[in-house]
Structure formats: C-alpha cells, structure tokens
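Peer 1: predicted model and sequence below, questions to follow.
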Amino acid sequence: MENATQSSRWTAKQIFVLTGIWLAFLISFITRLSWSTLMPVVNDAMHFTVQQGNSYITAFYIGYAITVLPGGMLADKFGYRKLVMAAVIGNLVVMTLMSFMQGYYSGLVLRFVLGIVSGPDLSACLGIITEWFDGKKRATATGLFNTCTSFGLTVVNAYAPYVSVHYGWRMAMGVTALFPLAALIYAGIALKGNPPYPQQFGVKTASGEVQTESSWTRLKKAVNNRSVWMLAITGLFATGAKWGVTNWANLFIVKSLGFDVITAGKAMSFFGITSVISMIIAGWISDRFQKISRHGWAAIFMAIFTPTIIGFALSPKGNLPMLYFWTGAVGVGAFMFSTITNNLSVEVAPADQRGTVSGFVNVFNQVGSFLAPVLLGQLLMMTQSYVQSFLIISVFPIIAVIALMFVREDRSAEN
C-alpha cells in the first residue's frame, strides 16, 4: 500500500518540468492571439483594411498547419526538448521583429513564420510528458498542461489593450516578446536532467539491439496504424465541433437568445472556467480509474458534448440562469474530452513514433478547427436558424465517439 501511495505522488522535478512545458506552450498561445487583440489599433495606425488585418490571422494558421506534422517527425528524430526550445526561441525572435515591422507585407511574412516555428510545440510538449510521467499520472499531467490554452487568452487581454492604448502597439508587441524570453529561461532550466522514461529514438530488434528508423519509415508506420486514423477522424469531427460552437457562441447568445454583448462575454467567461476545470478533472479520473481504457473515458466524455450542444441551442430566450447553466455545460462538453484525446495521440503510438503520430493527428485537429466554423456559418446562411445549425453540428461528436471505439492504446506507452 505504501508503494502504491508513493507512486501516486508527484516529485518536485515533475512539477518543475510540467510548469516548464506549460509556460512554453502558453507563450505560443499568447503570441498567436496577440494579433487578434491588437488588430484594431494596428489597423488604424498602419492603415490596414479589415481584410488585411484578418489575413494576418490566416497567415499564422497556414504556417502552423504546414509544420505540425514535420515538427512531430523532427521531435522524434532530434528530441522533444530540442524542439520545444526551438519553438520558444522562434516565438521570441518573431515577436521581437513584429514590434519593428514597417508595412503590411513584412508583418504578413512574420505572422507566417510565427506559425511555422509554433508547429512542433504541441507534439514535443506531449512527448516530454511521456518522458516524465508514467501511465498512472500522465492524463492528469496532460489535463493540467491543457489549461494553458484557455489561460493564454486571459493573459493577452489583461495587458495588450492597456499597453497599446497608453504606450503604443509596438510597445505591446515588445512586451509580448518578453513572455517567450521568460519561457526560454525557465523551460531551459526546468527541462534539464535525465527523465525516468526517456525518449526512444529507435526500435528494439529480436536480438535486443536498438535500430534507428528514418523519419519517413516512422510516418509510414503511423499511417498504417488503424488507431491513428481513428484518432485523426475523432479530432476532425470532435475538435471541429468544439471550435465551431465556440466561435459562434457569442453571436448566438446575442442574436438568437436576445442578450447584450457584455452578458454574452460574461457567459463565455464562465464557459472558459468550466472548460479548464473539466480538463483537469478528466485527466484525474482517467488516471485514477484505469479499469476503463483511455479511449473508453474519451468516448464517455465526448458523448457529453452532443446533449450539451442541443441544450445550448434550445436554451430559452432571455433566461439568464439557463444561459449560464447551458454555457457552462457546453464548456464541459467541448473541452473535457480533449485531455484524453491529446493523451491518446501519444499512447496509440510506439515509443519512437510519439511525435510523428501526435503531429499527424494534430493536422486533422487543425483542419477540423478551420472547417467547422466555416461549415456552421454556411449552415446558418442556408437554414437562417442558429438552432437548426447547432443541432446539425451536434451529430459530429457522435461520429467521433464511434471512431474512438476502434482506437487501441499501445500498452508499451504506459511506461
């Protein structure tokens, strides 16, 4: 009993490592979201049109999508820590240069490059979690790690508008560059040392020798893995539904439910709070009750999403308590499963393919994140009804749950 209790405790080094990658991934969200926050000010100062400002957002995601898979492959080849540090350094350099941009095209190129250098970060961070946390702690660690995605938006809005109004947008860009600088120093120290479950750069042969495989061989094996494809389909539909609903929620609350913009913002803040809490709880449950497999828990949590979308869509107009109830519920439904699906993206893979598989799955996550909001907008134009549009997209998580039933974890990933 004492050994079991001891094994469930986190060491100081594990906490140090987790905060290091949390900060490293947090700055990726701060830098990418900084433009959305500063865009109104920069557009006026640089005489950009609304379309030109929006193109900066698109440029980032194009660059990000291009390097998500290659970044995971490079993480398997050169090491997770090296790719995390490279991503942080890239964010530092680009955000520093953004504060000196002189025209539309120079900024557009820099936003594209920011996307490129940010591509490998998720795969590399998830890989580091597998190096430092065993199967009894890994999902909890992933849940805590995931909270930086929601926290990034809070951080940006806490300083960027104020700095840009009082000191100018260039200063706000410069302040943003301080975050990757801090992350570079902290993560550089935190991620040093020998992990208990070190990254494997090859596969063991029958004779016990370690044979190193090429990046393309790893990719071919990943593509031939049924569980990888099922997890990719899961990400396409579930992650797509998550960001589709999230991106259209504010407008739905105002235009369909009849609340003002400030109330909608407060309700979505509650959405953010419930999403963060649910991600942590999901990881703890998955680690604590392992008689149910990871993909089983992911399916259970994902199945919550569909009824919460339906409840949100059918929420009565003008009823404030029900608005908060259903907004909070859909925050749980939209994000609770992501802790486990992120964890599965490394646990369905053999130990030497974790970065490659995570990158491959993340490509489909990004495609879903881009296409679902567009699809929801098209449905809205066709049906002229927010309710019907949300009800149609509520089918997506069900498709993802079915795909999850065919996922199998690689048991060697538990250590």
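Peer 2: Right, received. Where do you want to start?

Peer 1: what kind of secondary structure is Leu291 in?
Peer 2: Not quite, residue 291 is Lys, not Leu. coil (DSSP: H, G, I helix; E, B strand; the rest coil).

Peer 1: tell me the pLDDT of it.
Peer 2: pLDDT recorded at Lys291 is 87.

Peer 1: the one 10 residues further on too?
Peer 2: Among the per-residue scores, Phe301 shows a pLDDT of 95.

Peer 1: and the helix or strand that contains it, C-alpha only, in CSV?
Peer 2: Secondary structure from DSSP states H and E places Phe301 in helix 294-303. The C-alpha coordinates for helix 294-303 follow below in CSV (Å, rounded to 0.1, in the frame of the first residue of the first chain):
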residue,chain,number,x,y,z
ARG,A,294,-8.2,5.8,-22.1
HIS,A,295,-10.3,5.6,-25.3
GLY,A,296,-13.2,4.4,-23.2
TRP,A,297,-13.0,7.5,-21.0
ALA,A,298,-12.5,9.7,-24.0
ALA,A,299,-15.7,8.3,-25.6
ILE,A,300,-17.7,8.8,-22.3
PHE,A,301,-16.5,12.5,-22.0
MET,A,302,-17.1,13.1,-25.7
ALA,A,303,-20.6,11.7,-25.5
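
Peer 1: list the neighbours of that helix that are in contact with it.
Peer 2: 139, 234, 238, 282, 285-286, 289, 292, 336-337, 340-341, 343-344, 347, 397-398, 400-401, 404-405, 407-409 (CB atoms under 8 Å, 6 or more residues apart in numbering). (Glycine included, C-beta is placed from N, CA and C.)

Peer 1: and with 7 Å instead?
Peer 2: 238, 282, 285-286, 336-337, 340-341, 343-344, 347, 397, 400-401, 404-405, 407, 409 (CB atoms under 7 Å, 6 or more residues apart in numbering).

Peer 1: out of those, list just those in helices.
Peer 2: With helices taken from DSSP state H, the overlap with the contacts of helix 294-303 comprises 282, 285-286, 336-337, 340-341, 343-344, 347, 397, 400-401, 404.

Peer 1: which non-adjacent residue is nearest Arg170?
Peer 2: Nearest residue to Arg170 in three dimensions, chain neighbours excluded: Ser99, at 4.8 Å (CB to CB, 6 or more residues apart in numbering).

Peer 1: quick check on the one you found: phi, psi?
Peer 2: Dihedral angles of Ser99 (phi, psi; degrees, to the nearest 10) stand at phi -70, psi -10.

Peer 1: strands along the stretch 101-250 of the chain, start to end?
Peer 2: Assigned by DSSP state E, counting those that start in this stretch, the strands in the stretch 101-250 of the chain fall at 202-204, 210-212.

Peer 1: report the lowest-confidence entry in the ones in helices among the contacts of helix 294-303.
Peer 2: Looking at these by pLDDT, the weakest one is Glu347, with 82.

Peer 1: report the buried members of the ones in helices among the contacts of helix 294-303.
Peer 2: Burial by neighbour count, 16 or more other CB atoms under 10 Å: within those this picks out 282, 285-286, 336-337, 340-341, 343-344, 347, 397, 400-401, 404.

Peer 1: downstream neighbour of the lengthiest helix in the chain in the secondary structure list?
Peer 2: The residue-count maximum for a helix in the chain (DSSP H) belongs to helix 12-46. Next helix or strand after helix 12-46 toward the C-terminus (DSSP H and E): helix 50-78.

Peer 1: list the buried ones in the following helix or strand past that following helix?
Peer 2: Using DSSP H and E, the helix or strand that follows helix 50-78 in sequence is helix 80-98. Residues of helix 80-98 classed as buried: 80-81, 83-98 (neighbour count, 16+ other CB under 10 Å).

Peer 1: ok, and the closest non-adjacent residue to the residue nearest to the spatial centre of the chain?
Peer 2: When CA atoms, centre = their mean is applied to the chain, the residue found nearest the centroid is Thr149 (6.1 Å). Sequence neighbours aside, Phe29 is the residue nearest to Thr149 in space, at 5.9 Å (criterion: CB to CB, 6+ apart).

Peer 1: next, count neighbours for Leu26.
Peer 2: 21 (other CB atoms under 10 Å).

Peer 1: which residues does it contact?
Peer 2: With CB under 7 Å, 6+ apart, Leu26 has these contacts: 148, 151-152.

Peer 1: buried subset of those residues as a ChimeraX selection?
Peer 2: Here is the ChimeraX command that selects the buried residues among the contacts of Leu26 (16+ other CB under 10 Å):
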select :148,151,152
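
Peer 1: can I get the contacts of Leu26 in JSON lines with pLDDT?
Peer 2: Converted to JSON lines, the contacts of Leu26 look like this (pLDDT from 0 to 100):
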{"residue": "Cys148", "pLDDT": "87"}
{"residue": "Phe151", "pLDDT": "79"}
{"residue": "Gly152", "pLDDT": "79"}
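
Peer 1: same list, the contacts of Leu26, but as TSV with distance to Phe133 please.
Peer 2: Converted to TSV, those look like this (distance: CB to CB, whole Å):
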residue	distance to Phe133
Cys148	16
Phe151	20
Gly152	22
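
Peer 1: where does the chain dip in pLDDT?
Peer 2: Along the chain, segments meeting pLDDT under 70 span 1-8, 202-211, 213, 410-415.

Peer 1: now the residue nearest to Arg170: how far from Gly107?
Peer 2: According to CB to CB, to the nearest Å, Ser99 and Gly107 sit 10 Å apart.

Peer 1: same thing with Ser278?
Peer 2: Taken as CB to CB, the span from Ser278 to Gly107 is 37 Å.

Peer 1: got it, and Trp35?
Peer 2: 9 Å.

Peer 1: give me the common contacts of those two.
Peer 2: Listed as contacting both Trp35 and Gly107 by CB under 7 Å, 6+ apart are Tyr56.

Peer 1: give me every residue that touches Glu131.
Peer 2: 80, 195, 197-199.

Peer 1: separation between Asn319 and Met336?
Peer 2: Note on Asn319: its distance to Met336, by CB to CB, is 24 Å.

Peer 1: Glu131 too?
Peer 2: Using CB to CB, one gets 25 Å for the distance from Glu131 to Met336.

Peer 1: next: Met95.
Peer 2: In terms of CB to CB, Met95 sits 32 Å off from Met336.

Peer 1: can you check Ser227 too?
Peer 2: Counting by CB to CB - Ser227 and Met336 are separated by 21 Å.

Peer 1: which residue is the nearest non-sequential neighbour of Gln14?
Peer 2: Trp132 is the one closest to Gln14 (CB to CB, 6+ apart), at 5.5 Å.

Peer 1: alright, I will stop here.
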